[in-house]
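>>> Sequence first, then the predicted structure, then my questions.
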Amino acid sequence: KAGVTQTPRYLIKTRGQQVTLSCSPISGHRSVSWYQQTPGQGLQFLFEYFSETQRNKGNFPGRFSGRQFSNSRSEMNVSTLELGDSALYLCASSLEFSYEQYFGPGTRLTVT
Amino acid sequence: QQQVKQSPQSLIVQKGGISIINCAYENTAFDYFPWYQQFPGKGPALLIAIRPDVSEKKEGRFTISFNKSAKQFSLHIMDSQPGDSATYFCAASGGYQKVTFGTGTKLQVIP
């Protein structure tokens, strides 16, 4: 089985712009979660989607949003980028009732 | 509020030695405790996990010890190898909460 894929792998944006990141889960996995990883804050949970519905949400501002499509692929969007949004954004997929998460390689976002 | 505390922040171990990483949690609703291994440029990979109904789980050179009353769990890497050099994250989840991660331990195994 192919693993979790994320595109793009690297991204450079300017403060104030918006960005969309994409995640394709492992085949058969319907739950997709997004995390932000920074040296200072570690791995922080953004949100989780299941069957096109947001099931859980972390403590991030409304500039961070996501969605899931009927094929379980997910996107996250960050609007009005700030320098502090520079991070590795990780997507993880899992089966419906499983806590076992499988991570993609991440998208490295740099905001200048 | 940090719900999973991890220590140490970094660890240097000689090849063949035992690496020990500790974590403590607060939320008694947690019922699944995984450990993840992350190499530079990669996403975290699930290494081993335990549920609170057992006190120990071993997979190869990796062992999780779990103390429910103390709300603590630890990862032991026996016969540590240079290839084990990575960042290790403990985590916890349960109830309606998805995974909460510890702050990570950077392990370096020196020859």
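The structure has been received and is ready for your questions.
>>> In space, what's closest to the residue of chain A found nearest chain B - neighbours in sequence excluded?
At 3.4 Å from chain B, residue A:103 is the closest residue in chain A, using C-beta to the nearest C-beta. From N, CA and C alone the C-beta is placed, and that goes for glycine too. Among residues not flanking residue A:103 along the chain, residue B:43 sits closest, at 3.4 Å (C-beta to C-beta, 6 or more residues apart in numbering or on different chains).
>>> show me what contacts the one you found?
Counting by C-beta atoms under 8 Å, 6 or more residues apart in numbering or on different chains, residue B:43 touches A:4, A:90, A:92, A:103, A:104, A:105, A:106.
>>> Tell me the confidence at the spatially most central residue of chain A?
Central residue check for chain A by C-alpha atoms, centre = their mean: the C-alpha nearest the mean position is that of residue A:34, 3.4 Å away. Residue A:34 is assigned a pLDDT of 96 by the prediction.
>>> got the contact list for residue 55?
No chain was given, so I picked chain A. The contact partners of residue A:55, by C-beta under 8 Å, 6+ apart, come to A:31, A:48, A:49.
>>> Correction: the question concerned chain B.
Applying C-beta under 8 Å, 6+ apart, the residues near residue B:55 are B:65, B:66, B:67, B:68.
>>> Which residue is the nearest non-sequential neighbour of the third one?
I take that to be residue B:67. Spatially, and ignoring its direct neighbours in sequence, residue B:67 is nearest to residue B:73 (6.8 Å; C-beta to C-beta, 6+ apart).
>>> Dihedrals phi and psi, the residue nearest to residue A:103?
Note on residue B:43: its backbone torsions stand at phi -80, psi 160 [degrees, to the nearest 10].
>>> Not counting its neighbours along the chain, what's nearest residue A:9?
residue A:107 is the one closest to residue A:9 (C-beta to C-beta, 6+ apart), at 6.2 Å.
>>> correct me, but that neighbour touches residue A:5?
No: taking contacts as C-beta atoms under 8 Å, residue A:107 lies outside contact range of residue A:5: 10.6 Å.
>>> who has more neighbours, these two?
residue A:107 (21 against 15; other C-beta atoms under 10 Å in any protein chain shown).
>>> would a markdown table of the contacts of residue B:55 with secondary structure and pLDDT be doable?
Formatted as a markdown table, the contacts of residue B:55 follow (DSSP: H, G, I helix; E, B strand; the rest coil; pLDDT from 0 to 100):
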| residue | secondary structure | pLDDT |
| --- | --- | --- |
| B:65 | strand | 96 |
| B:66 | strand | 96 |
| B:67 | strand | 95 |
| B:68 | coil | 94 |
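>>> Just the buried ones among those, please.
B:65, B:66 (16 or more other C-beta atoms under 10 Å in any protein chain shown).
>>> quick one on the thing from earlier: correct me if wrong: the residue of chain A closest to chain B contacts residue B:45.
Yes: here residue A:103 reaches residue B:45: they are 6.9 Å apart, a contact under C-beta under 8 Å.
>>> So between the two, which is more surrounded?
More neighbours surround residue A:103 than the other of residue A:103 and residue B:45, with 23 against 14 (other C-beta under 10 Å).
>>> so where's chain A shaky on pLDDT?
Across chain A, residues meeting the criterion (pLDDT under 70) sit at A:1.
>>> Tell me, what's the model's pLDDT at the closest residue to chain A within chain B?
Taking C-beta to the nearest C-beta as the measure, the point where chain B comes nearest chain A is residue B:43, at 3.4 Å. According to the prediction, residue B:43 has pLDDT 94.
>>> Fine by me, thanks again.
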